[in-house]
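# model this:
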Amino acid sequence: MKFDICIIGGCGHVGLPLGISFAKEGKKVIALDINDEVIRKVNSGVMPFKEEDAEELLKRVIDSGNLKAENDPGLISESEHVIFIIGTPVSAHWYPTYQDFFAALRKYMPYFRPGQHIILRSTIYPGITESVDKVFKDAGLSVDVSFCPERVSEGRAIEELYSLPQIISGCSQQGLKRARELFSVFTKDIVELRPMEAELAKLFTNTWRYIKFAVANQFLMIADDHGLDFYNIHKAASHNYPRLKDMPMPGFAAGPCLFKDTVQLDSFSENNFFIGHAALLINEGLPSYIARRMKERYDLKEMTVGILGMAFKKDSDDKRESLSYKLRNILEKDCRKVLITDPYVADERIIALEDVLAKSDILVIGAPHSVYERVEFGKKHVVDMWNMYGKGMWR
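Down below sits the predicted model:
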């Protein structure tokens, strides 16, 4: 084969850091994508999104010839390992949808060749790996199919590819062996599972985090409804008390993974995942709670609200599934005006931080970006669910 690895979806948040890292280890990598503008950026050594310590490394592997972004599916045929960065999303009815996943697989089927190793990397509904293996068998293609889930934190993917264990699975012993050899370039800490076990391991990981955030958010609401400072309670309860070390602080639990994976696990449990239901209601309900409490405290009809941070998490440029947008939509019916700002997110409605500070009566911290730590608010009202400034939720 001409190339070691072809990554389908290779210029996205999962595929590109993975491709850069494999290229850094000497692999010949094709980042296959359909976005020509992003492909141009990548080939010129420019990261299309925020990722720690990635741009210099990207330039290095592009210059070395180990990584190239392309929009030519024919290159799949020339690659030994084909990594599929396409997952199973959920519909508006909170149910996993498989159509796009299998449509993409069918689209690329003419380019697969016998003897290749097909790796599914994104989160998928349990059982999909074995279904993909059957699709290839039915097509008369002898390939090895593996599921090796990514578990990195967006923005720190390259670092965590090396620091975290790699979970691997395969529909055959040969596929498992090939997956181990491939991912051993990052770490010797390899954990083997059966395909459905690996699929559930990924769902359990994200759902567990989502539930922990929901607990913290529920505690915040309980304390706040009684006029108490949750952050003082949290500080006291966790002080030198190791059994509370894993309790997160409250805030928006959003993004493209946690909500989706909790819904997928709920579907897999035939809608009997009641603690997951509760987490969904709590986390998705936090913007409504904040808006309601603001209406109780302020005459919003006569006020302009500014939201600082529209990304789904701190120091990110990714606005997918961000609850800051949900909060904006809720507040727009109650306020004179809602202004939004973010130093990283691309959105035509975003205005400069200075303008939001000058024109707003109330400021809400939507995403706790580091740049906001130095902001001077003067006497303006600030809603700070993250307790960035150590003065509680209301100041």
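# okay, the closest residue to Asn35 other than its chain neighbours: pLDDT?
Among residues not flanking Asn35 along the chain, Cys11 sits closest, at 6.5 Å (CB to CB, 6 or more residues apart in numbering). (Glycine included, C-beta is placed from N, CA and C.) Confidence at Cys11, expressed as pLDDT, is 97.
# Name the SS class of Cys11, please.
Here Cys11 is recorded as coil under DSSP: H, G, I helix; E, B strand; the rest coil.
# measure it to Glu159 for me?
Relative to Glu159, Cys11 is positioned 20 Å away (CB to CB, to the nearest Å).
# ditto for Asn35
Look at Asn35 and Glu159: by CB to CB, they are 25 Å apart.
# Between these two, point out the one with more neighbours.
Comparing Asn35 with Glu159 by other CB atoms under 10 Å, the one with more neighbours is Glu159, at 17 against 14.
# Surely Val185 and Phe22 touch.
Yes. Counting by CB atoms under 8 Å, Phe22 is a contact partner of Val185 at 7.1 Å.
# who has more neighbours, the two?
Phe22 (25 against 15).
# For that one, pull up the helix or strand it's in.
According to DSSP states H and E, Phe22 maps onto helix 15-24.
# Extract the C-alpha trace of that helix and format it as PDB.
Taking Å, rounded to 0.1, in the frame of the first residue of the first chain, the C-alpha atoms of helix 15-24 are listed here in PDB:
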ATOM      1  CA  GLY A  15      -9.500  13.000  12.800                       C
ATOM      2  CA  LEU A  16      -6.900  15.800  12.400                       C
ATOM      3  CA  PRO A  17      -5.200  15.500  15.800                       C
ATOM      4  CA  LEU A  18      -5.100  11.700  15.200                       C
ATOM      5  CA  GLY A  19      -3.600  12.100  11.800                       C
ATOM      6  CA  ILE A  20      -1.000  14.700  12.900                       C
ATOM      7  CA  SER A  21       0.000  12.300  15.800                       C
ATOM      8  CA  PHE A  22       0.400   9.300  13.500                       C
ATOM      9  CA  ALA A  23       2.300  11.400  11.000                       C
ATOM     10  CA  LYS A  24       4.600  12.600  13.800                       C
END
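# Over that helix, what's the mean pLDDT, rounded is fine.
For helix 15-24, the mean per-residue pLDDT is 98.
# quick one: the helix or strand just after it to chain centroid distance?
Later in the chain than helix 15-24, the nearest helix or strand by DSSP H and E is strand 29-32. Relative to its parent chain, strand 29-32 has a centroid offset of 21 Å by CA atoms, centre = their mean, to the nearest Å.
# And for stretch 328-335?
For stretch 328-335, the gap between its own C-alpha mean and the chain's C-alpha mean amounts to 26 Å (CA atoms, centre = their mean).
# List the buried residues in it.
Neighbour counts over stretch 328-335 (16 or more other CB atoms under 10 Å) mark 328, 330-331, 334-335 as buried.
# Grab the two from these that are most spread out in space.
Spatial extent of the buried residues of stretch 328-335 (CB to CB) is set by the pair Arg328 and Asp334 at 11.2 Å.
# does Arg106 sit in a helix or strand, and which one?
helix 99-108.
# wait, Arg209
Assessed by DSSP H and E, Arg209 sits inside helix 195-225.
# Tell me which helix or strand in the protein has the weakest average pLDDT.
Lowest on mean pLDDT, DSSP states H and E among the helices and strands of the chain sits helix 99-108, with a mean of 91.
# Can you point out the buried residues in that one?
Counting neighbours by 16+ other CB under 10 Å, helix 99-108 gives 101, 105, 108 as buried.
# Stretch 205-217 now?
Neighbour counts using 16+ other CB under 10 Å place 205-207, 209-211, 213-217 of stretch 205-217 among the buried residues.
# before we move on, the earlier item: packing partners for the least confident helix or strand of the chain?
Helix 99-108 sits against helix 128-138, with contacts defined as 3 or more CB pairs under 8 Å, 6 or more residues apart in numbering; DSSP states H and E.
# List the contacts of the helix it packs on.
Helix 128-138 is contacted from outside by 88, 98, 101-102, 105, 109, 112, 118, 120, 142-143, 145-147, 169, 171, 195-196, 198-199, using CB atoms under 8 Å, 6 or more residues apart in numbering.
# Show me which positions of that helix end up buried.
128-133, 135-136.
# Can I get those residues in TSV including distance to Ala291?
Below are the buried residues of helix 128-138 laid out as TSV (distance: CB to CB, whole Å):
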residue	distance to Ala291
Ile128	38
Thr129	42
Glu130	44
Ser131	42
Val132	43
Asp133	47
Val135	46
Phe136	50
